[in-house]
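[1] okay, here's the prediction I keep looking at, along with the sequence it came from:
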Amino acid sequence: MTSPAIDVHGLRKSYGDKVVLDNVDLTVRAGTMTALLGPNGAGKTTTVHILSTLLKPDAGTAFVNGCDVWRDHDGVRAAIGLTGQFSAVDSLLTGEENLLLMARLRHLGSQRSKTRVAELLEQFDLVEAARKPLATYSGGMRRRLDLAMTLVQAPRVLFLDEPTSGLDPRSRRTMWDIVRGLVADGTTVLLTTQHLEEADELAHRIAVLDGGRIVAEGTPDELKRLVPGGHLRLRFTDAAALDAAARLLPESDRDDPGLTLTVPADGGVGALRTVLARLDAAHLEVDDLSIHTPDLDDVFFALTGRVETKGTET
């Protein structure tokens, strides 16, 4: 097995009496995306800043691409890219000039810089706007340019801290497609986001951070099964079939006008098979069936006791 791209154990960070991170463990496999969720002040951005060598932890170990984040700054920085909550582009330059400046800062050389900039402008659909002033760019274009600048040196590990903050739904989905493509090409991504739908859409795994601790971790489907509220909804063709099914499934709630039963279930395949087997044994046919599981909003509220609000955090 290959080593994880991000490997964190016992990470701690405090500011005076305020504990921001309290014994955090986190592992991210290479070529996957993990989303870090948590209420404002949970420590998401602090975690990213430690992993990108911008902050020193008080205790614990953290390795990125095999490099110690505190003892090997150069090794970590050579392997990562970081896109923060706020755009880092220079508004006095054009999009192309911003990218060329970053390429030169990364010491790519004159010819390689021009080639790489052309590749990124094409990849991020910025060719037509390349030589226009940033004042003419929309918010979505600025965020695409910001991410393109992060990718000038093709990092192996990418930290995205609220990458779609402030974007409209269309621009957000454009960014999602770009990020999916990066992961498909082998880039490892650690994403912090306040958009629960974003984590659900993009992440292979999700870690929920609350009070400086990881309170739950798993795939989106695994996390949804942690909280109650999942159910099967069965619709029958007539009242007689509904009556018979209700007697067979006494734990269900019935809706006579809709000819439906709602059966509590965890959303797993096993629960579905059990219910269908009981109906089949009684020779009862289901006209329509749907599976409902809690969404990440339900999970977030159950695990943290609050609903996420927008804003900056530490």
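    Yep, it's here.
[2] C-alpha only now, for contacts and for neighbours.
    Will do.
[3] what helix or strand is Ala241 on?
    According to DSSP states H and E, Ala241 maps onto helix 239-248.
[4] for that helix, report the contacting residues that lie outside it.
    For helix 239-248, contacts defined as CA atoms under 8 Å, 6 or more residues apart in numbering pick out 235-236, 252-254, 256, 259-261, 278-279, 284-285.
[5] that one: which residues count as buried?
    241-243, 245-246 (16 or more other CA atoms under 10 Å).
[6] does Leu279 touch Arg273 like I think?
    No: applying CA atoms under 8 Å, one finds Leu279 not in contact with Arg273, separated by 9.9 Å.
[7] spell out the secondary structure type for Asp90.
    At Asp90, secondary structure determined by DSSP: H, G, I helix; E, B strand; the rest coil is coil.
[8] ok, now which ones touch the closest residue in space to it that isn't next to it in sequence?
    Nearest residue to Asp90 in three dimensions, chain neighbours excluded: Asn98, at 6.6 Å (CA to CA, 6 or more residues apart in numbering). Contact analysis of Asn98 by CA under 8 Å, 6+ apart lists 89-90, 149.
[9] with only the CA atoms kept, save the helix holding Ala241 in CSV.
    Taking Å, rounded to 0.1, in the frame of the first residue of the first chain, the C-alpha atoms of helix 239-248 are listed here in CSV:
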residue,chain,number,x,y,z
ALA,A,239,-56.4,-0.2,-0.3
ALA,A,240,-56.5,-4.0,0.2
ALA,A,241,-52.8,-4.3,-0.6
LEU,A,242,-52.0,-1.3,1.7
ASP,A,243,-54.0,-2.9,4.6
ALA,A,244,-52.2,-6.2,4.1
ALA,A,245,-48.7,-4.6,4.0
ALA,A,246,-49.5,-2.4,7.1
ARG,A,247,-50.4,-5.6,9.1
LEU,A,248,-47.1,-7.2,7.9
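[10] so which residues make contact with the helix or strand just after that helix?
    Counting by DSSP H and E, the element after helix 239-248 in chain order, helix or strand, is strand 253-255. Defining contact as CA under 8 Å, 6+ apart, one finds that strand 253-255 is touched by 246, 260-263.
[11] just the buried ones from those, in PyMOL syntax?
    With 16+ other CA under 10 Å as the burial test, the buried ones among those are selected in PyMOL as follows:
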select buried, resi 246+260+261+262+263
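[12] can I get the contacts of strand 253-255 in CSV with secondary structure, distance to Asp297 and pLDDT?
    Listed next are the contacts of strand 253-255 as CSV, based on DSSP: H, G, I helix; E, B strand; the rest coil; distance: CA to CA, whole Å; pLDDT from 0 to 100:
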residue, secondary structure, distance to Asp297, pLDDT
Ala246, helix, 31, 94
Thr260, strand, 26, 95
Leu261, strand, 25, 93
Thr262, strand, 21, 91
Val263, strand, 22, 90
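[13] quick one: which of the contacts of strand 253-255 is nearest to Asp168?
    Closest to Asp168 out of these is Thr262 (36.1 Å), distances taken as CA to CA.
[14] hmm, the closest one is touching Gly230, no?
    No: contact criterion CA under 8 Å: Thr262 and Gly230 do not qualify, at 9.8 Å.
[15] can you read off the pLDDT for the nearest residue to Gly84 once chain neighbours are set aside?
    Among residues not flanking Gly84 along the chain, Asp161 sits closest, at 4.8 Å (CA to CA, 6+ apart). Asp161 is assigned a pLDDT of 87 by the prediction.
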